[in-house]
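In: sequence first, predicted coordinates after that:
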Amino acid sequence: MKRSSAPTGRRTAAEIMAHSRSQIWLSAVLKLLVWLAAVLTAAVIILLVGYILITGIPNLSWDLFAWKFTTENQSMMPALVNTLCITVIALLLAVPIGVGAAIYLVEYAKRGNRLVKLVRLTAETLSGIPSIVYGLFGMMFFKVALGWGYSMLGGAVTLSIMILPLILRTTEEALLSVPDSYREGSFGLGTGKLRTVFSVILPPAMPGILSGVILAIGRIVGESAALIFTAGSGKDNLSFVTKDGFSVFAPLFQSTRTLAVHMYLLMSEGLYTAQAQATAVVLLVLVVGINALSGFAAKKLAKGNDHG
């Protein structure tokens, strides 16, 4: 038995060495693939941003920022204002509902509840629906059934429905990431449920919530398919002054276009390619600026929570 055990032991050591070498080779290959994926991703981003800047910056001119759209200047200023207005309206509708629903699912609903599972499944399903389907729904409901026609309000409400699952799921994950010790400590001090949620749970979860809002803003600003069916393609809806006087709500029920729709229509016509490329630069700067401001606010909130 002793004679037969020695070769077995030597074979085991050899197998261990071979297995170790194979693990080293596998680790090196995986590391190389990860680096290759990172380099390719960075290269694609640099190529895309570089192409937009190189082709768009030379076509920028002051005529593109005129307050009035004409066939001569093809101004993007009305579309820029419309983009900001639609973004604000959509966020005002979607953020309170999405955050409130997430708070209920995480803090008030019983864990393992069928309603919670159903809402999560529904939100994940709605997140995968193409935006053009939301546009068709908005057209049939807001434009036809409610009689709003092509309007800024119809487009904003449609976008709020589209980003609602995203905000709900990101807020829910941010709330779930808060340790239960925070809740237990607050309840141990005699703090009520509502005060615990707003004073103890929401502050550390705020950076995650803002991340969802940033993603929602990016989707709103870059959306075109849903808005073509709901907001239309009105060239200029900055007519705040009506025949009855000044009205802030006058453009809400007028056909409008955002920067993404404006760029798409200019490019599809084939006559204003240079203006479309310049619009792409402004759209890129707008998205990067909004993301930078939101990220800065999230970092400030995170540092404030750490000091608190």
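Out: Perfect, thanks for sending it. Residues are numbered from 1 along each chain as shown.

In: in this structure, what secondary structure element scores lowest on mean pLDDT?
Out: Lowest by mean pLDDT, DSSP states H and E among the helices and strands of the chain is strand 241-242, with a mean of 44.

In: neighbours of the residue lying closest to Y108 once chain neighbours are set aside, how many?
Out: Spatial nearest neighbour of Y108, excluding adjacent residues (CB to CB, 6 or more residues apart in numbering): K193 at 7.7 Å. Yep, even glycine has a C-beta here, placed from its N, CA and C like the rest. For K193, the count of nearby residues is 12 (other CB atoms under 10 Å).

In: how close does K193 get to G98?
Out: Computed as CB to CB, to the nearest Å, the K193 to G98 distance reads 20 Å.

In: repeat that for R111.
Out: Using CB to CB, R111 is found at 20 Å from G98.

In: so which of those two has more stuff around it?
Out: G98 (27 against 7).

In: what sits against that one?
Out: Contacts for G98 were tallied using CB atoms under 8 Å, 6 or more residues apart in numbering; they are 163-168, 171, 212.

In: from these, which is closest to V221?
Out: Nearest to V221 among the contacts of G98: I163, at 11.2 Å, using CB to CB.

In: per-residue confidence for the closest one?
Out: Listed pLDDT for I163 reads 92.

In: cool, L92 as well?
Out: With respect to pLDDT, L92 has a value of 93.

In: so how far is L166 from it?
Out: 16 Å.

In: and these two? Which one has more around it.
Out: A side-by-side neighbour count of L92 and L166, using other CB under 10 Å, places L166 first with 19 against 11.

In: and for the more buried one, nearest residue in space, chain neighbours not counted?
Out: Leaving aside its chain neighbours, L166 sits nearest to A216 (5.5 Å; criterion: CB to CB, 6+ apart).

In: what's the closest non-adjacent residue to V197?
Out: Nearest non-adjacent residue to V197, counting by CB to CB, 6+ apart: E107, 5.4 Å away.

In: what about the one you found, how many neighbours?
Out: 16.

In: okay, and A94 sits in which element?
Out: helix 77-103 (DSSP states H and E).

In: and after that helix, which helix or strand comes next?
Out: helix 114-127.

In: which element follows that following helix toward the C-terminus?
Out: Following helix 114-127 in sequence order, the next helix or strand is helix 131-138 (DSSP H and E).

In: what mean pLDDT would you report for that following helix?
Out: Mean per-residue pLDDT for helix 131-138: 90.

In: so which bits of the next helix or strand after that helix are buried?
Out: The helix or strand immediately downstream of helix 131-138 is helix 152-176, counting by DSSP H and E. For helix 152-176, burial by neighbour count (16 or more other CB atoms under 10 Å) applies to 152-175.

In: can I see the domain layout of the protein?
Out: Annotated domains of the chain cover 2-57, 62-307 [automatic domain parsing].

In: need the winner for burial among these.
Out: domain 62-307 (a mean of 17; mean count of other CB atoms under 10 Å).

In: give me the angle between the helix or strand harbouring V261 and helix 77-103.
Out: Using DSSP H and E, V261 falls within helix 259-269. When axes from the mean of the first three to the mean of the last three CA atoms, to 10 degrees is applied, the directions of helix 259-269 and helix 77-103 differ by 130 degrees.

In: who touches helix 259-269?
Out: Contact with helix 259-269 is made by 74, 76, 79-80, 83, 221-224, 227-228, 231, 233, 257, 272-273, 275-276, 279-280, 282-283, 286, as judged by CB under 8 Å, 6+ apart.

In: so how far is the next helix or strand after it off the chain centroid?
Out: The helix or strand immediately downstream of helix 259-269 is helix 273-307, counting by DSSP H and E. Distance of helix 273-307 from the chain centroid (CA atoms, centre = their mean, to the nearest Å) equals 12 Å.

In: what's the answer for stretch 135-144, then?
Out: Per CA atoms, centre = their mean, the displacement of stretch 135-144 from the mean C-alpha position of its chain is 22 Å.

In: ends of that stretch, how far apart?
Out: One end of stretch 135-144 to the other measures 12 Å (CA to CA, to the nearest Å).

In: for the residue nearest to the spatial centre of the chain, which non-adjacent residue is spatially closest?
Out: Geometric centre of the chain, nearest residue: L215, 1.9 Å, by CA atoms, centre = their mean. With sequence-adjacent residues excluded and distances taken as CB to CB, 6+ apart, L215 is closest to L166, at 6.0 Å.

In: that neighbour touches I214, doesn't it?
Out: No - with contact defined as CB atoms under 8 Å, L166 does not count as touching I214 (10.4 Å).

In: which residues does K299 contact?
Out: Contact analysis of K299 by CB under 8 Å, 6+ apart lists P207.
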